[in-house]
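# Structure, please.
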Amino acid sequence: MSEIKKFISQALTILNFTSVDFTVSPPADLNHGDYSTNVALILAKINHRPAKEIAEKIVKQIFNVNWLSRVEVADPGFINFYLSTDFLLENLRAILKQESAYGRGRARQGQKIIIEYTDPNPFKEFHIGHLMSNTIGETIARLIEFQGATIKRACYQGDVGLHVAKAIWGSQKLKIKSVGEIKNWGQAYTFGAEKYEADTIAKQEINGLNRKIYDRSDSAVNQLYDQGRRVSLDYFEMIYQRLGTKFDYYFFESETSGLGKKLVEENIGQIFERNDGAVIFRAEKYDPQLHTRVFLTKENLPTYEAKELGLAKIKFDRFAYDQSIVLTGNEVNDYFAVVLKALTLVFPELAAKTVHLGHGMLRLPSGKMSSRTGTVIAAENLLAEIKTTMSEKIAARNFKPEEGDKITEAVAVAAIKYSILKQALGRDVIFDFAKSLSFEGDAGPYLQYTLIRARAVLNQAVVENISADFKQIPDEITELEHQLFHFPEVAARAARLYAPNLLVTYLTELAATFNHYYATKQIIGPDTGAPYRLALTQAAATVLANGLELLAIPVPERM
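Modelled structure (predicted):
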């Protein structure tokens with residue numbers, strides 16, 4: 001693509017056209033070429049001349065190169081570029097040679113990047129909002145890593161704060177005996193949260209308990225706190241393992257609160273100001289679109305905002321990053337904009353390295369979950385429900401219990417992740433059970449099934465002693481060869497734009513093209529063309545596997 005842009009720019013210089021901003025990208029329909037540019041349409045508006053006339057002049061200046069079979073002008077003035085057969089065949093050979101390395105880029109080579117995502121709070125259940133963050137964060141981490149960066153995955157968890165006090169207070173009042181079960185802590189938190197809003201005495205008790213937790217001044221509270229924290233973190237690790245995530249760093253609010261408070265206190269009068277017993281930051285003084293937020297409460301405790309300042313510094317001290325990516329739900333976008341503005345004043349060099357990404361909500365048809373109101377939808381429950389549905393679908397295949405469980409687990413993870421990742425980053429997702437568990441397209445299980453199908457063909461070829469080679473090339477190559485070529489640039493663009501949905505769309509279209517090829521061609525046959533068809537199948541399997549690895553979607557051996 002960069003080479004094509006260079007040829008076009010050279011042509012514009014020769015033709016004495018003003019340099020303009022134009023795009024070169026794959027068209028929606030590959031019948032219109034592997035790449036298409038709008039440069040003539042842009043120049044037509046500036047020069048008041050027909051776009052097709054300008055396009056034809058540009059095409060005449062583009063010299064013949066061996067990797068292009070032809071360059072054509074199409075209405076109303078697009079220029080379409082078609083890659084040559086030899087070039088595409090060379091790419092197939094590269095896929096078979098590079099295997100899991102195929103598609104890797106160097107755009108982020110040498111960069112050190114820390115990405116924070118998931119961020120569940122101990123003493124509460126891991127709900128489907130955390131599932132959303134984990135899925136998107138893990139894929140963005142893998143996409144950027146695929147472009148050569150050194151990635152560190154971080155999880156920031158609120159192990160102190162009012163939510164903890166509410167949970168411990170609720171546990172005491174409900175006299176919960178089994179504090180080793182996370183669901184009991186979820187119940188205790190819900191009870192405490194409700195009473196905090198409705199009961200003045202309960203609110204005072206919880207606020208007092210919050211201070212004891214910060215100070216660790218009560219041995220009985222400390223014991224209950226330590227048990228709940230340990231149970232929560234072990235529970236989270238179990239879910240991370242199921243989702244294919246392994247964090248390099250864990251940061252906690254108990255770790256960041258002290259530094260955050262110190263940073264705020266050191267800057268009172270310059271950045272922060274006292275107001276009615278609290279310490280606030282008037283962000284609207286620096287940007288009229290922002291607002292005032294509290295950084296230290298009247299009880300002189302740091303808020304989330306203050307802790308974020310401490311977290312930025314602690315992260316950098318732990319891993320001297322070139323970039324820090326923070327992924328949260330988009331409901332805190334306005335809050336985080338204020339935090340970033342404060343960070344530009346406290347640590348300008350760290351603020352310049354920080355990128356905040358806000359994602360939408362994961363919903364079921366019943367609506368948004370809420371841990372405060374007690375209608376939280378636990379991620380574990382959603383996975384279990386999907387597995388049950390899937391077990392019913394594959395019951396007739398008589399898998400052994402252990403294999404059946406592995407298959408349904410992989411399908412459940414694929415169904416959820418695909419549903420989340422197919423949407424643009426900031427959009428909400430409504431999880432549709434029927435569509436998400438489909439083997440027929442636009443679903444995670446469809447991609448899994450397609451790769452399993454391709455691998456089954458490759459396994460059968462081994463049995464029949466047929467090997468992939470390029471000795472007998474067909475007269476016409478198919479859309480599949482063209483699509484496979486575009487994988488590296490799709491992966492690079494998805495990483496650059498933090499847009500996993502671009503990769504999901506590509507893989508879905510690739511799977512559809514391969515399945516059509518599978519349905520219309522006898523891949524393993526007695527004719528001399530079988531080795532080439534096998535090579536193409538192997539290349540398709542490689543690209544599908546690489547893409548699913550980037551999406552952190554597991555693939556069982558069979559389905």
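# Break down the stretch 151-300 of the chain into its helices, ranges please.
Along the stretch 151-300 of the chain, the segments classed as helices by DSSP state H, counting those that start in this stretch run 162-174, 182-198, 200-215, 219-243, 253-266.
# all strands in this protein, in order from the N-terminus.
Along the chain, counting by DSSP state E, strands occupy 24-25, 35-37, 68-74, 78-83, 112-116, 150-157, 249-252, 273-275, 278-282, 292-296, 323-329, 354-359, 362-363, 429-430.
# Met390 is nearest to which of the helices of the stretch 151-300 of the chain?
Minimum separation from Met390 across the helices of the stretch 151-300 of the chain (CB to CB) falls at helix 219-243, 14.6 Å. To be clear about C-beta, it is placed using only N, CA and C from the backbone, and glycine gets the same treatment.
# Can you spell out which helices and strands pack onto that closest one?
Contacts defined by 3 or more CB pairs under 8 Å, 6 or more residues apart in numbering; DSSP states H and E place helix 219-243 against helix 128-146, helix 162-174, helix 182-198, helix 200-215, helix 379-393, helix 401-421.
# to the chain's geometric centre, what's the distance from the helix-or-strand element of the chain with minimal mean pLDDT?
Of the helices and strands making up the chain, the lowest-confidence element is helix 433-436, at a mean of 82, by mean pLDDT, DSSP states H and E. Between the centre of helix 433-436 and the centre of its chain there are 20 Å (CA atoms, centre = their mean, to the nearest Å).
# Would you mind putting the CA coordinates of that helix into CSV?
C-alpha atoms of helix 433-436 as CSV (Å, rounded to 0.1, in the frame of the first residue of the first chain):
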residue,chain,number,x,y,z
PHE,A,433,-27.5,-16.2,22.5
ALA,A,434,-28.9,-17.6,19.3
LYS,A,435,-26.6,-15.6,16.9
SER,A,436,-23.5,-15.8,19.1
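# Okay, now the unreliable bits of the protein?
Low-confidence segments of the chain, defined by pLDDT under 70: 366-376.
# Now the residue positioned nearest the centre of it: closest residue in space that isn't a chain neighbour?
The residue lying closest to the centre of the chain (CA atoms, centre = their mean) is Ile136, at 2.5 Å. What sits nearest to Ile136 in space, not counting adjacent residues and going by CB to CB, 6 or more residues apart in numbering, is His359, at 5.3 Å.
# ditto for Gly258
The spatially closest residue to Gly258, leaving aside those adjacent along the chain, is Gly310, at 7.2 Å (CB to CB, 6+ apart).
# any idea how far Asp322 lies from Phe336?
Using CB to CB, to the nearest Å, one obtains 20 Å as the distance from Asp322 to Phe336.
# higher neighbour count, those two?
Between Asp322 and Phe336, counting by other CB atoms under 10 Å, Phe336 is the more crowded of the two (20 against 13).
# ok so, going back, make CSV out of the strands of the chain and add mean neighbour count and distance to Glu481.
Listed next are the strands of the chain as CSV, based on neighbours: other CB atoms under 10 Å; distance: least, CB to CB, whole Å:
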stretch, mean neighbour count, distance to Glu481
strand 24-25, 16, 19
strand 35-37, 23, 15
strand 68-74, 17, 12
strand 78-83, 22, 9
strand 112-116, 22, 34
strand 150-157, 21, 32
strand 249-252, 18, 43
strand 273-275, 13, 65
strand 278-282, 20, 57
strand 292-296, 20, 55
strand 323-329, 21, 35
strand 354-359, 19, 35
strand 362-363, 22, 37
strand 429-430, 16, 33
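# Export those strands as JSON lines, with columns for distance to Leu243.
As requested, those are arranged in JSON lines below (distance: least, CB to CB, whole Å):
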{"stretch": "strand 24-25", "distance to Leu243": "33"}
{"stretch": "strand 35-37", "distance to Leu243": "36"}
{"stretch": "strand 68-74", "distance to Leu243": "43"}
{"stretch": "strand 78-83", "distance to Leu243": "38"}
{"stretch": "strand 112-116", "distance to Leu243": "15"}
{"stretch": "strand 150-157", "distance to Leu243": "12"}
{"stretch": "strand 249-252", "distance to Leu243": "16"}
{"stretch": "strand 273-275", "distance to Leu243": "43"}
{"stretch": "strand 278-282", "distance to Leu243": "36"}
{"stretch": "strand 292-296", "distance to Leu243": "32"}
{"stretch": "strand 323-329", "distance to Leu243": "14"}
{"stretch": "strand 354-359", "distance to Leu243": "15"}
{"stretch": "strand 362-363", "distance to Leu243": "13"}
{"stretch": "strand 429-430", "distance to Leu243": "16"}
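# which one of these lies closest to Thr18?
Thr18 lies closest to strand 35-37 among the strands of the chain, at 16.0 Å (CB to CB).
# looking just at contacts, which helices and strands does that closest one meet?
Here strand 35-37 touches helix 2-14, strand 24-25, strand 78-83, going by 3+ CB pairs under 8 Å, 6+ apart.
# And those: which comes nearest Gln241?
Nearest of the helices and strands packed on strand 35-37 to Gln241, taken as CB to CB: strand 24-25 at 38.7 Å.
# Centre of the chain to that closest one, how far?
24 Å.
# tell me the contacts of the residue nearest to the centre of the chain?
Ile136 is in contact with 117, 327, 357, 359, 420-421, 425, 500, counting by CB atoms under 8 Å, 6 or more residues apart in numbering.
# Just put these in JSON lines and tack on distance to Gly161.
Compiled in JSON lines, those are given as follows (distance: CB to CB, whole Å):
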{"residue": "Tyr117", "distance to Gly161": "19"}
{"residue": "Leu327", "distance to Gly161": "20"}
{"residue": "Leu357", "distance to Gly161": "23"}
{"residue": "His359", "distance to Gly161": "22"}
{"residue": "Ile420", "distance to Gly161": "27"}
{"residue": "Leu421", "distance to Gly161": "31"}
{"residue": "Leu425", "distance to Gly161": "27"}
{"residue": "Pro500", "distance to Gly161": "31"}
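# and of those residues, the nearest to Leu340?
Using CB to CB, Leu357 comes nearest to Leu340 of those, at 12.2 Å.
# Can you tell me who the closest one pairs with across the strands?
With DSSP bridges as the criterion, Leu357 is bridged to Leu327.
# mind listing what it touches?
So Leu357 contacts 136, 140, 325-328, 425, 498 (CB under 8 Å, 6+ apart).
# what about it, distance to Ala424?
Taken as CB to CB, the span from Leu357 to Ala424 is 12 Å.
# With Ile14 instead?
Ile14 is 40 Å from Ala424, where distance means CB to CB.
# before we move on, what about Arg230?
As judged by CB to CB, Arg230 and Ala424 stand 38 Å apart.
# what do you get for Asn459?
Asn459 is 37 Å from Ala424, by CB to CB.
# for Glu56, same thing?
37 Å.
# what does Arg49 give?
The gap separating Arg49 from Ala424 is 37 Å, by CB to CB.
# Equivalent analysis for Ala167, please.
Distance, Ala167 to Ala424, using CB to CB: 35 Å.
# neighbour-wise, which of these two wins?
Ala167 (29 against 12).
# can you pull the contacts of that one?
Applying CB under 8 Å, 6+ apart, the residues near Ala167 are 123-124, 185, 188-189, 192, 228.
# Which among those count as buried?
Buried residues within the contacts of Ala167, defined by neighbour count using 16 or more other CB atoms under 10 Å: 123-124, 185, 188-189, 192, 228.
# So which of those is the closest to Phe81?
Lys124 (53.6 Å).
# hang on, the earlier thing: got the contact list for the least confident helix or strand of the chain?
The contact list for helix 433-436 (CB under 8 Å, 6+ apart) reads 385-386, 389, 415-416, 418-419, 442-445.
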